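Colleague: sequence and predicted model, in that order:
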Amino acid sequence: MSTPALDATPSLPVLQLFSLKGQTALVTGANRGIGAAIALALAQAGAHVVVVHRSESTPTTTLDAIKAQGFPASVVYADLADKEQVKSVFSNALEVVKKDSGGERTGIQILVHAAGIQRRAPAAEFKDDEWEEVINVNLSSAFYLAKSAAQHMLANPSGSYGKIILLGSLLTFQGGLTVPAYAAAKGGIGQLTKALSNEWSKQNINVNCICPGYIRTDMNEGLLKDEVRLRQISERIPAGRWGAPEDFAGTVVWLASAASKYVCGECVVVDGGWMGR
């Protein structure tokens, strides 16, 4: 009996390696910012994208943008701070995509957990409920979703295959200031990525992490409005500018596609050179 091993990179013309045609991707945090750019990029690369919204009142901007470009997309609902709702997301997404595709799609090959929240306060004053909320949304939900994804991918009768992509941060490597819960969660994402990759790589499931630097999104609104901090941060970025959500399109398509087949357990930093300083 042969030892399980990761499949070889397909022998295809290089641009075909990046195609996601025929695949389905489940994306959390897709209603704005980096998650929205990721969802659109995956759709443009050929995937049927299923976005996760907190409720039916969540703006459908991303879903509408994908459909407006002629790509298929679906939606499921879950509060990612609620463990029981998180545990049902993957099975609900499977049902929705099967229904929306007329039964043509019965699997999900790509999971991207881009959802995240931030709470700021000195550690000695950090509220217990805010600690738990940040850890649940940013870290615990990542594990529950990845576990559900792997169970589905490993049960594929034609052989397991899948791509799991988590979102870290510069705080996967650094401690930050007045963000103890966020730093703990993003540090945990880095280690979770490695731990899951160690188990699942040989079973043909790639687990990797994208770590954004300073990006112009709603989460950084406070920093962007602070003239002193904005100047200090901007001067330290070798690229000479803050990042934009669109800067993640190429990275996520690469990690979701066969082009990154031998990339396992990595934390890919997209930061304009910040970590190189």
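Modeller: Received, thanks.

Colleague: use CA for all of it now, contacts and neighbours both
Modeller: Will do.

Colleague: in this structure, mark out all the helices, start to finish.
Modeller: 14-17, 33-44, 61-68, 83-100, 128-135, 141-154, 180-200, 221-225, 227-236, 249-256 (DSSP state H).

Colleague: hey, least reliable of these by pLDDT?
Modeller: When the helices of the chain are ranked by mean pLDDT, helix 221-225 comes last with a mean of 86.

Colleague: show me what that helix is in contact with.
Modeller: Contact with helix 221-225 is made by Arg216, Arg229, Leu230, as judged by C-alpha atoms under 8 Å, 6 or more residues apart in numbering.

Colleague: check what pLDDT the first one gets.
Modeller: In this case it means Arg216. 93.

Colleague: quick one: Gln44 and Ala183, what's the gap?
Modeller: For Gln44, the distance to Ala183 equals 32 Å [C-alpha to C-alpha, to the nearest Å].

Colleague: likewise Asp7?
Modeller: 34 Å.

Colleague: okay, the two: which has more neighbours?
Modeller: Ala183 (24 against 15; other C-alpha atoms under 10 Å).

Colleague: ok, the closest residue to the more buried one other than its chain neighbours - how many residues close by?
Modeller: Nearest residue to Ala183 in three dimensions, chain neighbours excluded: Leu171, at 5.2 Å (C-alpha to C-alpha, 6 or more residues apart in numbering). Other residues lying near Leu171 total 23 when counted by other C-alpha under 10 Å.

Colleague: Leu171 is in contact with Gly187, isn't it?
Modeller: Yes: between Leu171 and Gly187 there is a contact at 6.3 Å, judged by C-alpha atoms under 8 Å.

Colleague: just to revisit the earlier point, quick one: closest of the helices of the chain to Ile165.
Modeller: helix 249-256 (7.4 Å; C-alpha to C-alpha).

Colleague: send the alpha carbons of the closest one over as CSV?
Modeller: What follows is helix 249-256, C-alpha atoms only, in CSV (Å, rounded to 0.1, in the frame of the first residue of the first chain):
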residue,chain,number,x,y,z
ALA,A,249,-6.8,39.3,-6.0
GLY,A,250,-3.7,37.7,-7.5
THR,A,251,-2.5,36.1,-4.3
VAL,A,252,-5.8,34.4,-3.5
VAL,A,253,-6.3,33.1,-7.0
TRP,A,254,-2.8,31.7,-6.9
LEU,A,255,-3.3,30.0,-3.5
ALA,A,256,-6.8,28.7,-4.6
